[in-house]
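J.: coords below, sequence missing:
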């Protein structure tokens, strides 16, 4: 079964909207379970249509009379690229939710739009040294270059591929299979043509395969998977989180004083749950509860973060917020503080997953996605990823705290000099 997190489908759009030209379609984003997430509107400033058309190579006369389809396709290609990338990296869905979510192109995007439209991408195009072949050639196509297994290859060239009505890979429906391309007859326009294909869902629309593209058949869709966080292999060990917590506590006490213990594991059972496997929703709940308890029990002394706050404000401040406030007052370099703050955000997101487990399906899905966890979950895989992310986040915070302890003796010496000078001045007086 194909593994993905999002489905993108197309919604036809007609006419201009104020000073903006829409692409031929807007994009609807769904979760892998079919829940509608948000609409993406793709727009180009009206004043930029002619400039984009000229950059693509559309004749000036035609560009002045209408919005050329080449411009619409450029908007769609550029918009799809941006939506795919932002979904993969976790920058979408927007938080807070925006529906519709608008992507607008302006004067600074002309070169980007033109580059998207100029070169057609086709996975059936195969290169061998200087030569190019079409690997979707029909069995009785010509001129046949050869056959490898069940696949027939025909000679082609970029200018021929660009005229072929096979949709660009970036716009092609994910369900299209077994495409068959044939050379056009001599009395027809020179080039190659998509004659037939199959649909893995059995949709009858595949009878006109050239429209199995964004903006074509209404059943068109593509899938997008989120990019898994980059986590070192050592953080994926079942014991990695418990070990990271131990090192974190040691580094904290070295930086802020041996009595300043920050990590408190309530009992042996909590430690065991953090290292155990997970085979069901109930066990995932139990493991995430143990993680949440450990994070809630982080103890940050008031003198490290609470200066100027009332008793009520101190009592209402949660442990991870206390940790972040303490780090802001600790003297960390801006870059180190940014890394630590990002790690704390990861821990917040993981706690949110636990807090939302018994809420509505939409809220659970949103929490999983915000934590960079796939949804719907595969319990063992989701727990392993959550545990590894927590271990990585704790380790990043520990590394930044360790940098404080290495600078501490130097800073103490620097502070001692003025005091000695002050004493000497006092004696002179």
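T.: The structure has been received and is ready for your questions. Source: prediction; values computed, not measured.
J.: Quick check: residue 170 touching residue 78?
T.: No. The pair residue 170 and residue 78 does not pass the contact test of CB atoms under 8 Å, sitting 9.9 Å apart. C-beta: built from backbone N, CA, C; applies to glycine.
J.: Those two: who's more crowded?
T.: It is residue 78, of residue 170 and residue 78, that has more neighbours when counted by other CB atoms under 10 Å, with 24 against 19.
J.: Wait, a strand at the more buried one?
T.: No. Counting by DSSP: H, G, I helix; E, B strand; the rest coil, residue 78 is not part of a strand but helix.
J.: dump the residue contacts of it.
T.: Contact analysis of residue 78 by CB atoms under 8 Å, 6 or more residues apart in numbering lists 42, 105, 109, 112, 113, 116.
J.: Take those and keep only those in helices.
T.: Among the contacts of residue 78, the residues falling in helices (DSSP state H) are 112, 113, 116.
J.: Identify the residue nearest the second one in space, chain neighbours excluded?
T.: Which is residue 113. Nearest non-adjacent residue to residue 113, counting by CB to CB, 6 or more residues apart in numbering: residue 74, 4.4 Å away.
J.: Contact partners for the residue nearest to residue 256 when sequence neighbours are not counted?
T.: Nearest non-adjacent residue to residue 256, counting by CB to CB, 6+ apart: residue 304, 6.4 Å away. For residue 304, the contact set (CB under 8 Å, 6+ apart) comprises 256, 260, 326, 329, 330.
J.: Kindly report the same for residue 50.
T.: Residue 50 makes contacts with 60, 63, 64, as judged by CB under 8 Å, 6+ apart.
J.: ok, back up a step: tabulate the contacts of residue 78 in a markdown table, adding columns for distance to residue 351.
T.: Converted to a markdown table, those look like this (distance: CB to CB, whole Å):
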| residue | distance to residue 351 |
| --- | --- |
| 42 | 36 |
| 105 | 38 |
| 109 | 39 |
| 112 | 39 |
| 113 | 42 |
| 116 | 40 |
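J.: Pick out the most distant pair among those.
T.: By the measure CB to CB, 42 and 112 form the most distant pair in the contacts of residue 78, at 13.1 Å.
J.: Low-confidence bits of the stretch 101-250 of the chain, can you list those?
T.: For the stretch 101-250 of the chain, residues meeting the criterion pLDDT under 70 lie at 185-190, 228.
J.: List the contacts of stretch 252-260.
T.: By CB under 8 Å, 6+ apart, the surrounding residues in contact with stretch 252-260 are 261, 262, 263, 301, 304, 330, 398, 401, 402, 404, 405, 408.
J.: Most neighbours out of the residues you listed, which is it?
T.: Within the contacts of stretch 252-260, neighbour counts (other CB under 10 Å) peak at residue 401, which reaches 26 neighbours.
J.: Give me the nearest residue to the residue nearest the centre of the chain, chain neighbours excluded.
T.: For the chain, residue 89 is the residue whose C-alpha lies nearest the centre (CA atoms, centre = their mean; 1.6 Å). The shortest distance from residue 89 to any non-neighbouring residue, by CB to CB, 6+ apart, is to residue 227 (5.9 Å).
J.: Let me see the contact set for that neighbour.
T.: Residues in contact with residue 227 (CB under 8 Å, 6+ apart) are 88, 89, 90.
J.: Equivalent analysis for residue 220, please.
T.: Shown in contact with residue 220 (CB under 8 Å, 6+ apart): 9, 10, 173, 212, 213, 214.
J.: is it true that the fifth one touches residue 171?
T.: Spelled out, that is residue 213. Yes. Contact criterion CB under 8 Å: residue 213 and residue 171 qualify, at 4.4 Å.
J.: Check the average confidence over the helix or strand containing residue 83, would you?
T.: Assigned by DSSP states H and E, residue 83 falls within helix 69-89. Helix 69-89 comes out with an average pLDDT of 89.
J.: Show me what counts as buried in it.
T.: Neighbour-count burial for helix 69-89 flags 70-80, 82-84, 86-88 (criterion: 16 or more other CB atoms under 10 Å).
J.: so how far is it from its chain's centroid?
T.: 15 Å (CA atoms, centre = their mean, to the nearest Å).
J.: next one: stretch 95-111
T.: Distance, stretch centre to chain centre, for stretch 95-111: 16 Å (CA atoms, centre = their mean).
J.: And that stretch, end to end?
T.: End-to-end distance of stretch 95-111 (CA to CA, to the nearest Å): 29 Å.
J.: Tell me the buried residues in it?
T.: Result for stretch 95-111 [16+ other CB under 10 Å]: buried residues 101, 103, 105, 109, 110.
J.: In CSV: the residues you listed, plus distance to residue 152.
T.: Putting the buried residues of stretch 95-111 into CSV (distance: CB to CB, whole Å) gives the following:
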residue, distance to residue 152
101, 43
103, 40
105, 40
109, 40
110, 40
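J.: Contacts made by stretch 359-369 with the rest, please.
T.: Residues from elsewhere that reach stretch 359-369 (CB under 8 Å, 6+ apart): 5, 31, 33, 35, 90, 93, 226, 349, 352-353, 355-357, 374-377, 382.
J.: Residue 56 versus residue 75, what's the distance?
T.: Residue 75 sits 11 Å away from residue 56 when distances are taken as CB to CB, to the nearest Å.
J.: and for those two, which residues touch both?
T.: Contact criterion CB under 8 Å, 6+ apart; residues shared by residue 75 and residue 56: residue 113.
J.: Looking at the buried residues of stretch 95-111, which are in strands?
T.: Among the buried residues of stretch 95-111, DSSP state E puts 101, 103, 105 in strands.
J.: Can you tell me which of these is nearest residue 123?
T.: The nearest member of those to residue 123, counting by CB to CB, is residue 103 at 25.7 Å.
J.: Wait, the closest one touches residue 44, no?
T.: No. Between residue 103 and residue 44 no contact is recorded; they are 9.9 Å apart, counting by CB under 8 Å.
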